[in-house]
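Q: give me coordinates for this.
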Amino acid sequence: MAESYDPETGEPLDPAPSMGGLVQVAPAAIAPATMAPPSPTQVIQVMKERRALLRAAMSEILVEQTDPAKGGDYGKIPGCGDRPTLLLPGAQKLSSAFQFVPRYRIIIRVLGGDKREYDVKCLLYTLSGTLIAEGEGVCSSLETKYRYRPGPVELTDRPVPKEYWNLRKSEPKKAQDLLGGPGFVAKKDPNTGSWLVASKGETVENPDPADLWNTLKKMGCKRAFIAAVITATNASDVFTQDIEDNPDLYRRGVTYETTAEPASEQPEALAPAAGRKRAEKARPPEEPPPPTNAGADGAEGAESEPPRVGGTPPAGPPATEKQVGAIYSLMRALKVEVTNAEQLRLACRMLAPHDKPEEYSKGEANAAIQQLNAMLAEKAGPRQ
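A: Below you'll find the model as predicted:
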């Protein structure tokens with residue numbers, strides 16, 4: 001069995017390590033029973049039963065959201081298609097109805113300064129310990145809603161048109177046009193109590209991104225959990241998700257193109273992280289930030305230094321020999337051919353902006369070992 005390594009010292013960990021030095025890894029609450037795999041006929045029967053339970057839940061338990069202020073379990077977002085989006089309360093109710101047990105794996109990436117990215121995987125188990133489905137979700141300080149803050153609002157002398165109040169829920173774009181476009185909002189005059197059109201000031205960078213760490217972590221968990229529930233209940237033809245987080249993005253019909261390299265050029269065990277690393281490189285470079293105190297599991301106290309911009313001097317002390325050795329050992333366990341210079345370069349670049357582990361700083365080696373430990377744990381599956 002491949003070993004895990006302590007990110008700080010590079011020393012091998014015990015077979016049953018504590019959670020202090022590792023990314024949060026889902027334990028199997030109950031050892032799965034040993035049994036023969038179900039036949040196709042049995043699988044089809046289980047799918048029918050789940051579908052019937054989903055229909056029963058929608059008709060008897062879940063509440064459709066008709067007014068965001070009143071809440072609900074699922075609902076259609078105006079202008080975003082006919083398929084309803086599954087909201088967190090609905091996902092929680094479905095998880096309880098199907099008796100799922102969620103577990104989470106969380107990787108925290110330092111993006112510079114106090115900016116963070118929470119990469120979350122939710123694993124749903126049955127009460128007997130069988131893995132049913134997985135879902136992934138990411139939440140980042142660089143998302144527009146978290147990166148910026150609205151500027152000052154200035155009242156105009158124009159009253160809010162009456163039609164605005166009738167259209168703002170059913171046809172939000174038309175309602176916004178009545179105010180004058182995206183740069184205007186409806187605001188109550190504190191002196192007169194009347195509603196006036198107000199102009200929004202330019203957005204400004206959020207000066208305190210660390211205040212959002214807990215919010216980002218919870219949003220990443222929420223997104224991963226809902227994705228896992230939709231997968232486990234075979235409900236992707238019934239529900240979509242996450243539209244409520246940023247409905248304007250979907251109303252505009254924005255699409256994204258991927259720029260993934262050919263899979264054959266990427267080390268197999270580390271390939272899923274490639275697209276994310278390229279996206280990080282595409283961001284404008286920032287000044288090398290000072291060391292922080294956020295560990296892999298979000299708790300303070302474990303040393304972690306942000307990745308530095310390629311070509312800049314080390315932001316901290318170099319990686320220790322034991323850390324470098326641990327990185328090589330973990331890469332070998334993940335089937336990376338470390339003797340192949342190109343494979344080693346690609347693997348290292350997916351973890352930090354360097355071509356080999358010897359070029360990492362101590363903080364970068366710390367983060368690299370945490371990620372490799374998590375990948376190795378994921379590859380091995382839940383502990384028995």
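
Q: confirm that Ser96 sits in a strand.
A: No: using DSSP: H, G, I helix; E, B strand; the rest coil, the assignment for Ser96 is helix, not a strand.

Q: quick one: pLDDT of it?
A: According to the model's per-residue confidence, Ser96 sits at a pLDDT of 91.

Q: could you check how far it is from Leu127?
A: For Ser96, the distance to Leu127 equals 12 Å [C-beta to C-beta, to the nearest Å]. Heads up, the C-betas are built off the backbone N, CA and C, glycines and all.

Q: just Pro317 next, same as before
A: Applying C-beta to C-beta, the value for Pro317 to Leu127 is 48 Å.

Q: sticking with Ala374, tell me its helix or strand.
A: With elements taken from DSSP states H and E, the one containing Ala374 is helix 362-380.

Q: relative to the whole chain's centre, how far out is that helix?
A: If you compare the mean C-alpha spot of helix 362-380 with that of the full chain, they lie 17 Å apart, counting by C-alpha atoms, centre = their mean, to the nearest Å.

Q: now do that helix, average pLDDT.
A: Regarding helix 362-380, the rounded mean pLDDT is 82.

Q: may I have that helix as CSV, with CA atoms only?
A: These are the backbone C-alpha positions of helix 362-380, laid out as CSV (Å, rounded to 0.1, in the frame of the first residue of the first chain):
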residue,chain,number,x,y,z
LYS,A,362,9.0,24.9,1.6
GLY,A,363,5.5,26.3,1.4
GLU,A,364,5.0,25.1,-2.1
ALA,A,365,6.3,21.7,-1.2
ASN,A,366,3.9,21.7,1.7
ALA,A,367,0.9,22.4,-0.6
ALA,A,368,2.2,19.9,-3.2
ILE,A,369,2.4,17.0,-0.7
GLN,A,370,-1.1,17.8,0.6
GLN,A,371,-2.5,17.6,-3.0
LEU,A,372,-0.6,14.4,-3.8
ASN,A,373,-1.7,12.8,-0.5
ALA,A,374,-5.3,13.7,-1.4
MET,A,375,-5.0,12.2,-4.9
LEU,A,376,-3.5,9.1,-3.6
ALA,A,377,-6.3,8.7,-1.0
GLU,A,378,-8.9,9.3,-3.7
LYS,A,379,-7.2,6.7,-5.9
ALA,A,380,-7.2,4.2,-3.1
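
Q: flag the shaky bits of the chain, pLDDT-wise.
A: Within the chain, the segments meeting pLDDT under 70 span 1-8, 10, 13-36, 78-80, 242-316, 381-384.

Q: list phi and psi for Glu64.
A: As for Glu64, its main-chain torsions (degrees, to the nearest 10) stand at phi -70, psi 140.

Q: beta partners of it?
A: Beta bridges link Glu64 to Tyr74, judged by DSSP bridges.

Q: quick one on the thing from earlier: in the helix holding Ala374, what counts as buried?
A: 362-378 (16 or more other C-beta atoms under 10 Å).

Q: show me where the stretch 51-200 of the chain has strands.
A: Secondary structure of the stretch 51-200 of the chain (DSSP state E, counting those that start in this stretch): strands located at 74-75, 85-86, 101-112, 115-125, 131-140, 148-149, 153-159, 184-188, 195-200.

Q: closest one to Ser236 among these?
A: With C-beta to C-beta as the measure, strand 85-86 is the member of these nearest Ser236 (9.8 Å).

Q: what helices and strands are in contact with the closest one?
A: Contact here means 3 or more C-beta pairs under 8 Å, 6 or more residues apart in numbering; DSSP states H and E; on that basis strand 85-86 packs against strand 74-75, helix 213-232.

Q: between the helix holding Ala374 and strand 131-140, how many degrees?
A: For helix 362-380 against strand 131-140, the angle between stretch directions is 160 degrees (axes from the mean of the first three to the mean of the last three C-alpha atoms, to 10 degrees).

Q: if we ignore the residues flanking it in sequence, what's nearest the residue positioned nearest the centre of the chain?
A: Nearest to the centroid of the C-alpha atoms of the chain, with distances taken as C-alpha atoms, centre = their mean, sits Val138, at 1.4 Å. Distances taken as C-beta to C-beta, 6 or more residues apart in numbering put Asp119 closest to Val138, at 5.2 Å, once the chain neighbours are dropped.

Q: can you check Lys187 too?
A: Using C-beta to C-beta, 6+ apart, the closest residue to Lys187 is Ala198 (4.0 Å).

Q: cool, Glu337 as well?
A: Of all residues apart from its sequence neighbours, Gln343 sits closest to Glu337 (C-beta to C-beta, 6+ apart), at 4.8 Å.

Q: try Glu134
A: That would be Leu123: by C-beta to C-beta, 6+ apart, it lies 5.3 Å from Glu134.

Q: how much space separates the one you found from Asn234?
A: As for Leu123, its distance to Asn234 is 17 Å (criterion: C-beta to C-beta).
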